[in-house]
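# One predicted model, sequence on top.
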2 protein chains.
Amino acid sequence: MNIADVYALLKPQVAEIEQEIQSNLTSRVRRVQEVGEYIFQSGGKRIRPLLVLLTSKLCGGDERRAIKIGGIIEYIHTATLLHDDVIDEACVRRGRDSANFKFGNEMVILVGDYLYSKAFQVLVADGDPRVQKTLSDVTTLMSEGEVFQLVKSFDFSVTLEDYFQIIEHKTAILIAACAKCGGYTAPDLSEEMADALWDFGYNIGMAFQLIDDILDYMGDASTLGKTIGTDLKEGKMTIPVIKLRDLASEEEKDRLEKLIEQQMIPTAEDLSFVIGLMDTYDIRRHSMDVAYSFLDKARKAAEVLPAGIYRDCLHVVADYVINRQL
Amino acid sequence: MNIADVYALLKPQVAEIEQEIQSNLTSRVRRVQEVGEYIFQSGGKRIRPLLVLLTSKLCGGDERRAIKIGGIIEYIHTATLLHDDVIDEACVRRGRDSANFKFGNEMVILVGDYLYSKAFQVLVADGDPRVQKTLSDVTTLMSEGEVFQLVKSFDFSVTLEDYFQIIEHKTAILIAACAKCGGYTAPDLSEEMADALWDFGYNIGMAFQLIDDILDYMGDASTLGKTIGTDLKEGKMTIPVIKLRDLASEEEKDRLEKLIEQQMIPTAEDLSFVIGLMDTYDIRRHSMDVAYSFLDKARKAAEVLPAGIYRDCLHVVADYVINRQL
């Protein structure tokens, strides 16, 4: 079984998630709908709603609610992407003009706010206090994490712990929330199951962001639909640079430090220098090892979940996270 | 009784609202707290939490909950101000450097997101589905309204109905929500009372924004703590310009239209031209008449509320809205 089989298995439900996403975009203000449709039509794998569906199925949950919650989480995720794109002055997202490039920063900030509010509106209508608490806690931590990431930009001294905290807040906890909230659509989810779902999602999420950060230096720009080296440009200390800093010679480290802290756009030569060094010190392998360690933890967490087709699907998702676009 | 007497009457509770606002700023990420404290220490009259308190008291509600909900609403209000300031590229807010000017747009977008999320977190903890629904509906409409306002910027043909819709979403419905949610802190609030509270708040809110928009052309810059003519600069068609457009000669109208639609910063001469015309056509009176008509509706809505000290306070708030800084 591979990821395409998982999508095929849940084809009608995945289609309903798309419908759910579309239907909540309906607004009296035409431009809201227009910008919203542009954003959501740009694709995206809907891996978060898929996870909600899978864990809901796994626990014998209410499919209709899983679809609603999946839509909510995709809105929250998209709102953070929109605000990130404004902050990073991104011009490209998923291989097309980014929304801020096309509609302007002002519009994109506001449509981001709309998606947040709409998500909470649907969350209130769903009415499950556990789901509400999980998601409002997670979005609060996410915004704190974004501030922390911004504070740590262009700072060469970022520790591995700082970095883990950043990606935890930025990515892992929302994916953990997907897995847990899917479980909450079932009546009487045990604490033990809820924790196992959270741990599974959390560790998948950590691996997911690690891979993303590795691909930023070592991916294929044409399949990624984005440019290489954007994290370097934005002064973000991610796993490859942290590993490189810890292995490079003093001289190399000095040049790398200047590149990160100068707050200037690195030249093509700078980028080749960094990527060359990463090659020399086998940074890809070192970084992948970290990603694999989180994946192992995810697999371990899945052991307590009920065996069967849906648990198999979760393992496929885990494999997909680590193998995508590499 | 004047507004100072109202604040004096509720002095301990108003102090608790400040504490509530401060306590929810506590964050592991120091910068979040720092930016938050800067924003909330810049004053503000806390008119929204005050209204929650007053209507809670009026209906015999739970004071502790009113304080919590007041804090939530102040967070939502502040989040919209922060994002507005980024959009309007404002440099001044309440007589000081605006937060975006001091901390940068990126930080301010994220701290706005933090305040939204935190508000929903407290809202979930409060656990009242009616309050949750009211506030999530209102914030969704607010963000749609902001988009509508942006779409209508630099558009000379904005109708009075468009304008009313904009200020309704931007200001009136959040103030309406304050009045209603204060009532919801009481056990068994009747539908009739809930509607009357909403209508009172809504009409106060409409008058409030009308006065704000009038002051933007005719206020005293030193007491307002902001500059005159910013709406003209931002191409916002507000009540004074709409009234002026409808009364001016063809020639004057042409020049006004160019000023609005050119998307260039108006010169001092442009601004004097507009303010001079407003004087000629008695625009202040015409605009104030509109504000008074909403205030009358607010007073009428208050008639069905239980008589006593707290209803008197609501009337004082209504008077204050119309008389402030004029």
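Looks like it arrived, so ask away. Numbers count the residues shown, from 1 in each chain, chains lettered A, B, ... in the order given.
# Pull out the buried positions in stretch A:37-46.
Neighbour-count burial for stretch A:37-46, with 16 or more other Cβ atoms under 10 Å in any protein chain shown as criterion, is recorded at A:39-40, A:42, A:44, A:46. Where C-beta positions appear, they are placed from N, C-alpha and C, glycine not excepted.
# which pair in these spans the largest distance?
By the measure Cβ to Cβ, A:I39 and A:R46 form the most distant pair in the buried residues of stretch A:37-46, at 13.0 Å.
# Check which helix or strand the residue nearest to A:Q13 when sequence neighbours are not counted maps to.
Nearest in space to A:Q13, with sequence neighbours left out and distances taken as Cβ to Cβ, 6 or more residues apart in numbering or on different chains, is A:L53 at 5.5 Å. In the assignment (DSSP states H and E), A:L53 maps to helix A:47-58.
# A:Q33 is in contact with A:T26, correct?
Yes: counting by Cβ atoms under 8 Å, A:T26 touches A:Q33, with 6.4 Å between them.
# who's more crowded, those two?
A count of neighbours by other Cβ atoms under 10 Å in any protein chain shown puts A:Q33 above the other of A:T26 and A:Q33, at 17 against 9.
# Now for that one: which residues touch it?
A:Q33 makes contacts with A:25-27, as judged by Cβ atoms under 8 Å, 6 or more residues apart in numbering or on different chains.
# Tell me, what's the model's pLDDT at the residue nearest to A:Q13?
Among the per-residue scores, A:L53 shows a pLDDT of 98.
# close enough to count as contact, it and A:G182?
Yes: under the criterion of Cβ under 8 Å, A:L53 makes contact with A:G182 at 6.7 Å.
# Spell out which residues are contacts of both of these two.
Listed as contacting both A:L53 and A:G182 by Cβ under 8 Å, 6+ apart are A:A66.
# Three-state assignment for the closest residue to A:T140 other than its chain neighbours, please.
Computed as Cβ to Cβ, 6+ apart, the closest residue to A:T140 that is not its neighbour in sequence is B:S117, at 4.1 Å. Assigned by DSSP: H, G, I helix; E, B strand; the rest coil, the conformation of B:S117 is helix.
# tell me the pLDDT at B:S117?
On the pLDDT scale, B:S117 gets 95.
# can you pull the contacts of it?
With the criterion set at Cβ under 8 Å, 6+ apart, B:S117 makes contact with A:116, A:136, A:139-140, A:142-143.
# Closest one to B:Q165 out of those, please.
A:Y116 (21.7 Å).
# Am I right that the closest one is in contact with A:I76?
Yes: contact criterion Cβ under 8 Å: A:Y116 and A:I76 qualify, at 6.7 Å.
# what about the two, which has more around it?
Ranked by neighbour count (other Cβ under 10 Å), A:Y116 and A:I76 place A:Y116 first, with 28 against 24.
# how far away is that one from chain B?
For A:Y116, the distance to chain B equals 6 Å [Cβ to the nearest Cβ, to the nearest Å].
# One more: A:D97?
19 Å.
# what does A:G43 give?
Relative to chain B, and taking Cβ to the nearest Cβ, A:G43 is found at 23 Å.
# Please apply the same query to A:L82.
10 Å.
# Could you pull out the buried residues of the longest helix seen in chain A?
In chain A, taking DSSP state H as the definition, the longest helix is helix A:191-218. Within helix A:191-218, the residues scored as buried using 16+ other Cβ under 10 Å are A:193-194, A:196-218.
# Also stretch A:104-113?
Across stretch A:104-113, burial judged by 16+ other Cβ under 10 Å covers A:105-113.
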